[in-house]
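Asks: Next come a sequence and a model predicted from it.
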Amino acid sequence: MPHKQPEDAIFREFLVAVLLHNEAVADRLGLQPVDVAAAILLETRGPMTAGALSEELGLPSASTTRLIDRLEKAGYVRRVRGERDRRMVTVQLVEGGLDDYEAACESSRRHLATLGAHYTPEQAPLLLDMLARVGEAHRAATRELRGKPA
């Protein structure tokens with residue numbers, strides 16, 4: 001197998017670190033890594049239907065139902081029925097639902113704060129823009145892998 005370019009190796013090491021951190025956080029919380037991803041999506045995007053969550057996570061509806069059951073049982077989320085259409089159910093975080101997650105991520109925040117000291121305040125927007133673009137590139141690649149329109 002050909003040797004990877006240094007940039008490739010650095011990026012792959014970054015991905016492994018993020019994946020393993022998510023796994024460690026999930027272990028600490030007694031959840032699956034995909035459960036943590038779902039909770040983060042609900043935190044950043046707000047309440048979502050089970051269908052939207054299923055689509056975003058690339059899970060079949062039965063797997064998404066089990067995921068929501070686990071998060072609900074652990075006290076992270078609740079199901080809310082629509083006022084007009086009782087069949088419409090959204091999933092939302094409960095108040096303080098991510099407190100355990102925040103506590104589990106304390107060490108990563110501490111390490112990232114140390115890392116942040118290496119950059120100037122003027123560099124922060126560029127770094128955040130890069131992270132947003134890396135995230136979108138990975139979402140597009142994921143859609144392609146799943147045979148969905150990019």
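Replies: Happy to help now that I have it.
Asks: what's the average pLDDT for the host helix or strand of I10?
Replies: Per DSSP states H and E: I10 is located in helix 6-29. Computed over helix 6-29, the mean pLDDT rounds to 91.
Asks: likewise stretch 84-100?
Replies: 87.
Asks: who touches the residue most central in space within the chain in this structure?
Replies: Nearest to the geometric centre of the chain sits A37, at 3.1 Å (Cα atoms, centre = their mean). Shown in contact with A37 (Cβ atoms under 8 Å, 6 or more residues apart in numbering): N22, L57. Where C-beta positions appear, they are placed from N, C-alpha and C, glycine not excepted.
Asks: All the strands of the chain, residue numbers only.
Replies: 48-49, 77-81, 89-93 (DSSP state E).
Asks: Those into a markdown table, with extra columns for distance to A141?
Replies: Converted to a markdown table, the strands of the chain look like this (distance: least, Cβ to Cβ, whole Å):
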| stretch | distance to A141 |
| --- | --- |
| strand 48-49 | 22 |
| strand 77-81 | 28 |
| strand 89-93 | 26 |
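Asks: Deepest-packed of those, please.
Replies: strand 89-93 (a mean of 18; mean count of other Cβ atoms under 10 Å).
Asks: next one: it to chain centre, how far?
Replies: Per Cα atoms, centre = their mean, to the nearest Å, the displacement of strand 89-93 from the mean C-alpha position of its chain is 16 Å.
Asks: tilt between that strand and strand 77-81?
Replies: Using axes from the mean of the first three to the mean of the last three Cα atoms, to 10 degrees, the inter-axis angle of strand 89-93 relative to strand 77-81 is 150 degrees.
Asks: which helices and strands sit right next to strand 89-93?
Replies: helix 33-45, strand 48-49, helix 50-57, strand 77-81 (3 or more Cβ pairs under 8 Å, 6 or more residues apart in numbering; DSSP states H and E).
Asks: try 10 Å this time
Replies: Where contact means 3 or more Cβ pairs under 10 Å, 6 or more residues apart in numbering; DSSP states H and E, strand 89-93 is packed against helix 33-45, strand 48-49, helix 50-57, helix 61-73, strand 77-81.
Asks: how about stretch 19-35: buried residues?
Replies: Using 16 or more other Cβ atoms under 10 Å as the burial criterion, the residues of stretch 19-35 that qualify are H21, V25, A26, L29, L31, Q32, P33, V34, D35.
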